[in-house]
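> Provided below are the primary sequence and the corresponding predicted coordinates.
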Amino acid sequence: MFEEPEGATPLDPDEIAGLKFKHITTRGELDELEQANIEQGLHWLARRRGGDILTDYFLRNLHVRLFGDVWEWAGSFRLTEKNIGIDPFQILVQLRMHLDNARHWAENGIYRPLEAAARFHHRLVQIRPFPNGNGRHARIAADVFLEDYYDHPPIEWASGFDLQADNERRDAYVAALRAADGEDFEPLLAFVTPRV
Ligand SMILES: Nc1ncnc2c1ncn2[C@@H]1O[C@H](COP(=O)(O)OP(=O)(O)O)[C@@H](O)[C@H]1O
Ligand SMILES: [Mg+2]
């Protein structure tokens, strides 16, 4: 139904049925509604106080804040297999393991901040907790991780490009994630420079 850029998750019919705006027919309309919702979510994020962000509760709630006006299933874990991503029945246990690992990295200075954030981001999109919005959610989550656990500025993900469209920046991003799937983190580390 909607044209997806390279590396995106196609939605299945049940997931499309969860669209709260029944009149939408084009990718552009959907992008606009999602973008407006994300901006609301970022406002919520900026005003939020305290609370540990390395919990499955926080990550689900963040997904609701970013996508809950558009999708009924926002904040609910994926139930179907996708072209990328682990077995849906493994999501909760793998996600909790990942969050425990990330806390361990931060508390013990295992990686420098940007490397921790890059690894945090990569594993989160690899798990693919949600039917859609995983890339945008996990980029924002990595920035919150940097802020809360390292007091570090966020990553310059887009660098003037639209990361939701096919262009050289997205190609470099997806290629870096694929390299990281094979344990080569160098391209992703080169990609994640701080926002100034
Ligand atoms: N080979 C890969 N390994 C891990 N993650 C990937 C890979 N290719 C793409 N991704 C991630 O998946 C995201 C797309 O998933 P999707 O759920 O559609 O998120 P969004 O709707 O925010 O774009 C990309 O933005 C990227 O973060
Ligand atoms: Mg998508």
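Cool, got the structure. Ligands and ions are numbered 1, 2, ... in the order given.

> Say whether ligand 1 is contacted by stretch 110-122.
No - Stretch 110-122 stays clear of ligand 1 (C-beta under 6 Å from any ligand atom), getting no nearer than 6.5 Å. The C-beta positions use only the backbone N, C-alpha and C, and glycine is treated the same way.

> by contact count, what packs against the longest helix along the chain?
Ranked by residue count, the top helix of the chain under DSSP state H comes out as helix 27-47. Applying 3 or more C-beta pairs under 8 Å, 6 or more residues apart in numbering; DSSP states H and E, we find helix 27-47 packed against helix 56-67, helix 134-150.

> how many degrees apart are that helix and helix 56-67 in direction?
130 degrees (axes from the mean of the first three to the mean of the last three C-alpha atoms, to 10 degrees).

> For helix 27-47, buried residues please.
Judged by neighbour count using 16 or more other C-beta atoms under 10 Å, the buried positions of helix 27-47 are Leu30, Leu33, Glu34, Asn37, Ile38, Gly41, Leu45.

> ok, of those, which one's closest to Arg139?
Using C-beta to C-beta, Ile38 comes nearest to Arg139 of these, at 10.5 Å.

> What count of nearby residues applies to Ser76?
Neighbours of Ser76 under the rule other C-beta atoms under 10 Å: 15.

> list the contacts for Ala74?
His63, Val64, Leu66, Phe67, Gly68, Phe130, Gly133 (C-beta atoms under 8 Å, 6 or more residues apart in numbering).

> In which helix or strand does the closest residue in space to Gly7 that isn't next to it in sequence reside?
In space, and not counting its chain neighbours, Gly7 is closest to Val174: 4.1 Å by C-beta to C-beta, 6 or more residues apart in numbering. According to DSSP states H and E, Val174 maps onto helix 168-181.

> Mind pulling up the pLDDT for Val196?
In this prediction, Val196 carries a pLDDT score of 86.

> and the residue in the chain that ligand 1 sits nearest to, what is it in contact with?
Minimum separation of the chain from ligand 1 (C-beta to the nearest ligand atom) falls at Gly135, amounting to 2.1 Å. By C-beta under 8 Å, 6+ apart, Gly135 lies in contact with Gly7, Ala8, Val125, Leu163, Gln164.

> Same question for Phe161.
Asn167, Glu168, Arg169, Arg170.

> rerun that using 7 Å as the cut-off
Asn167, Arg169, Arg170 (C-beta atoms under 7 Å, 6 or more residues apart in numbering).
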